[in-house]
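Chemist: Task: produce atomic coordinates for the following.
(2 chains)
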Amino acid sequence: MPRTSIKITGAAGQGIDSIGEIVGKGLKRAGYCVFGYREYMSLIKGGHSSYQLDVSDRVIRSSETSIDILVALNHHGLELNIPELKRGGIIIHLTEGWKFPPEIQKIIDKRKLSIVYLPVENILASLKAKPILGNVLLTSVLFGILGRDRAGLKELVTEQFGHKKDLLELNMRCIDEGYKSKEKFAPTLTIPLPEPNPVFRSHMLLTGSKAMGLGAIHAGVRLYAGYPMTPSSPLLTYIADMQNETGMVIKQAEDEITAAQIVSGAMYMGTRALTATSGGGFDLMSETLSLNGIIENPAVFVLAQRPGPATGLPTWTAQADLLMAINTAHGEFARCVLSVSDAQDCFDLMPIAFNLAEVYQAVVIVLTDKHVAEALFTQEPFSQGKATLKRGKLVTDRKELAKLKPGDRYDPKAKDGISLRWLPGAQAATYCAQGDEHNADGTVDETAFNAKAQLEKRMKKMKALAKVMPQPELWIGNREQGTGNRVTVRLSKQDVSLDVLLVGWGSTKGAVLDAMEEMGKGSEGSKGRKGREKRIGYLHFTYLWPLRTERFAALAKRAKEVVFVEGNYQGQLAMLLKQECGANTDAKILKYDGRPFFVDELSSDLQKYLNQKPGTKNQ
Amino acid sequence: MQSYSCVNKCTWCDGCGDYGIWTAVKRALTESGLAPWQVCLCFDVGCHGNGSDKLQGYRFHGLHGRVIPFAAGAKLANPKLPVIAFGGDGASFSEGIGHLVHGIRSDYPIVFVLHNNANYGLTLGQASALTWQGQKMNTAPNGIPEHTLPSMDFVFSLEPTFVARSFSGDIPQMTEIMKAALKHRGFAFVDILQACPTWNHFATHEYFLEHCYDVTTEGHDTSDFVKARAIAVDTSKRISTGILYQREDIPDFYEKLVPRQGKTTTPVEEVAITDVTAYMKKLL
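Modeler: Model prediction:
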């Protein structure tokens, strides 16, 4: 798989993000698929952070653990990241007179790594430029090494600084100086990229959080309340930054309980309102979820996962809150849990989540994680024809409103338990959205008969929801003719027989699909070869609760091996499937170290299952 | 007032201050020309919350301590609809005190009616943060060690734009205060000293009758923050009631929102699938 990986390391506050963003955007515009991945610590300045860009002329959806180019803004990168370099890799650093310890020097020699020291401070001083411009300088050197011309870079920088003439001029000089420096300090060094693929030029380069923000705006969200917590904060930041254009009401709440209550009040009143948080904040919101359950208030909560318990690893990733999303909050009530896996999902699932919430008058939890929230995706502009506004049994017609009785609101006889809903301020009979157990009009009613009838009414919605939840999607590898037998993944409507059925959810998808392509594993099997190729497929769950198990059960029955791939310790989806349909869940590839799945690492884990001889299943 | 009446029977104790407050609320809404469908009434949990199904109007009865943010969210979604939040002293000065702080600080354009009976009535008479010190209460046979939270001093420290006080026996005054609160530009804090004959044997209906006086009879200037705070805080000899403080020269929370300037629609009316093409272009 032609993939070039560039990693920029340094302390927080040194500008690695700005280099990463400009290099990423520049390469995307040149016609490459870029996947960006940031690692950083929970501090504002210092620490050791990195920004990795994986670049390809084909669709890529994940990062790999090894890199081609390391740009080390301080000496920590030289101490920590050299072992990640591939053979023939390049190190660009700014630390004058750095001596590598013998064990690192061994790696450098063995892998034939090239080392470029750039006297950035001196170059900037000669240009009378501030240290911040070192970012542009380094970007230019990097572009030179990647064989990119300076025109594209200049265009990008002009976009950013075009309004400040002096600064722009200085930036342009830094770019020219960067290209000169490349010739001076690394004249022969180059890591050429493959021919660009023009399709990516018109794509966006965006984080999952921005995609989700766009999805929320698209879905008609008009109020957002949130309390900062990584990794949900980038969504709050994006939506807040957009407020003057969208006209949205933004409230940075005093805590997560407040945020949850504000959006619940706003949804009760009849707008579309959103909040997002991470595990700890979600714990605080859970009582409000339960309240929405009993008052049958549509509500959408985004749960951006990071590793717990407690503060855990604040700036790292996990998929460990699936069971919490499904089980959180006291009492039994209707809820729906979805999970995004990439930028496309982040956009698409927002209107879907709000429609489900309004149609079923239920709580919808949308799971994301730090990986999706902060990774950079190369994404085709979102198609806006798909989403529709579904508001279910919302009564707005004047004549219909006039006919309403208070008892229509929570009528226990309503089909599927979904009763009529109308909004405060509508000229109609009024009702009480009652947090105590209540009868049809919201009057408190503690009789056994009523308690049973109302609970059953609300839980009927789960049955109705279960019927409309889409089945998981099956991805299989397709061997392309005439492309050197290259494998690309595609969705399969048909259930096929597989040797290995991988099962996952959330951000795992990107690495799994990339691994399937990079391992060159088709799903049709190859005929005429000695020894049949193992067929592999990936079953991805977007809709997690209520859980549809039929397709999984059918595929699992036909597969020789079922392997769960999840970013948590227990295999939480596997646990659910065992609970719901008695699945055999012995084989799992699990990761719970705060890092996402990397394509090369996952490929080698998968290889073990593919190499397995028959009869050694599930070991 | 007929339009607000309801068939459900009241369940409060004999002599409970909730009867008076409940009556004043219905009267104030009626005299303000608001039909039940034109108001949103949000109730916290407590004895007063048991009144959520004893009148008409679009009502909400939520979680203990959390009524202010819910009411604020409702109001921000549809600023055209008057929103009143009701909460007790137990919820509002303990579990939900953060919401009270930020509600006043944010100056949401809502009315907050504090049912202040100085104890947790519904859970059978435990001390609240506003219970007088030394009072023997349920779970506190020796009285509570904590000192009483100086609620009015606390509220004034948050720079409120509307503070009024009344007591549950004075229906005409409560009515007038609530009508004024409904018209107020920002967050209207209405403290109603409430008789709780079952659990509160220190600040009783009779005590309020003896101690309360109407500040309008003494020509109180409601724009005088320092004076208002002083007469609100010092209740040692007599208790000031009426509108104690009000200013309307600052825009409320919603009015301050830059993105909402010049908008004639409400967020409720704006729900639609929205074109994001222009926003996507920025990300190319």
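Chemist: going forward, measure contacts and count neighbours with C-alpha atoms only.
Modeler: Noted.
Chemist: Doesn't residue A:501 lie inside a strand?
Modeler: Yes: checked against DSSP: H, G, I helix; E, B strand; the rest coil, residue A:501 lies within a strand.
Chemist: so what pLDDT did it get?
Modeler: With respect to pLDDT, residue A:501 scores 96.
Chemist: try the one 4 residues further on
Modeler: pLDDT for residue A:505: 98.
Chemist: residues contacting it?
Modeler: Applying CA atoms under 8 Å, 6 or more residues apart in numbering or on different chains, one finds that residue A:505 lies in contact with A:339, A:341, A:540-542, A:566, A:573.
Chemist: in stretch A:311-326, what counts as buried?
Modeler: By neighbour count, with 16 or more other CA atoms under 10 Å in any protein chain shown as the criterion, the buried positions of stretch A:311-326 are A:313-322, A:325-326.
Chemist: All the helices of the stretch 101-250 of chain A, residue numbers only.
Modeler: Here the stretch 101-250 of chain A has its helices, by DSSP state H, counting those that start in this stretch, at A:102-110, A:120-127, A:134-145, A:150-161, A:165-185, A:208-218, A:233-241, A:243-246.
Chemist: elements contacting the fifth one?
Modeler: Put plainly, it is helix A:165-185. helix A:120-127, helix A:134-145, helix A:150-161 (3 or more CA pairs under 8 Å, 6 or more residues apart in numbering or on different chains; DSSP states H and E).
Chemist: That one vs helix A:134-145, what angle?
Modeler: 40 degrees (axes from the mean of the first three to the mean of the last three CA atoms, to 10 degrees).
Chemist: Let me see the residues that make contact with helix A:165-185.
Modeler: Residues outside helix A:165-185 that contact it (CA under 8 Å, 6+ apart): A:116-118, A:123-124, A:127, A:129, A:133, A:136-141, A:144-145, A:150, A:153-154, A:157-158, A:161-162.
Chemist: Is it possible to get TSV of the helices of the stretch 101-250 of chain A that adds mean neighbour count and mean pLDDT?
Modeler: Shown next, in TSV, are those (neighbours: other CA atoms under 10 Å in any protein chain shown; pLDDT from 0 to 100):
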stretch	mean neighbour count	mean pLDDT
helix A:102-110	14	96
helix A:120-127	14	92
helix A:134-145	25	93
helix A:150-161	16	87
helix A:165-185	18	91
helix A:208-218	28	98
helix A:233-241	21	98
helix A:243-246	16	98
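Chemist: Name the spans of chain A whose pLDDT lies under the cut-off.
Modeler: Filtered on pLDDT under 70, chain A yields the residue ranges A:1, A:482-484, A:521-532, A:613-619.
Chemist: measure the residue lying farthest from the centre of it to residue A:291 for me?
Modeler: The outermost residue of chain A, judged against the average C-alpha position, is residue A:447 (46.2 Å), by CA atoms, centre = their mean. Noted for residue A:447: a distance of 20 Å to residue A:291, by CA to CA, to the nearest Å.
Chemist: element containing the closest residue to chain A within the stretch 101-250 of chain B, please.
Modeler: Nearest to chain A in the stretch 101-250 of chain B, going by CA to the nearest CA, is residue B:102, at a distance of 6.9 Å. Residue B:102 is part of helix B:97-106, with elements assigned from DSSP states H and E.
Chemist: Check the offset of that helix from the chain's centre.
Modeler: The offset between the C-alpha centroid of helix B:97-106 and the centroid of the whole chain comes to 12 Å, using CA atoms, centre = their mean, to the nearest Å.
Chemist: tell me the domain boundaries of chain A?
Modeler: Under the assignment named as automatic domain parsing, the residue ranges that make up the domains of chain A are A:4-202, A:205-379, A:398-468, A:473-611.
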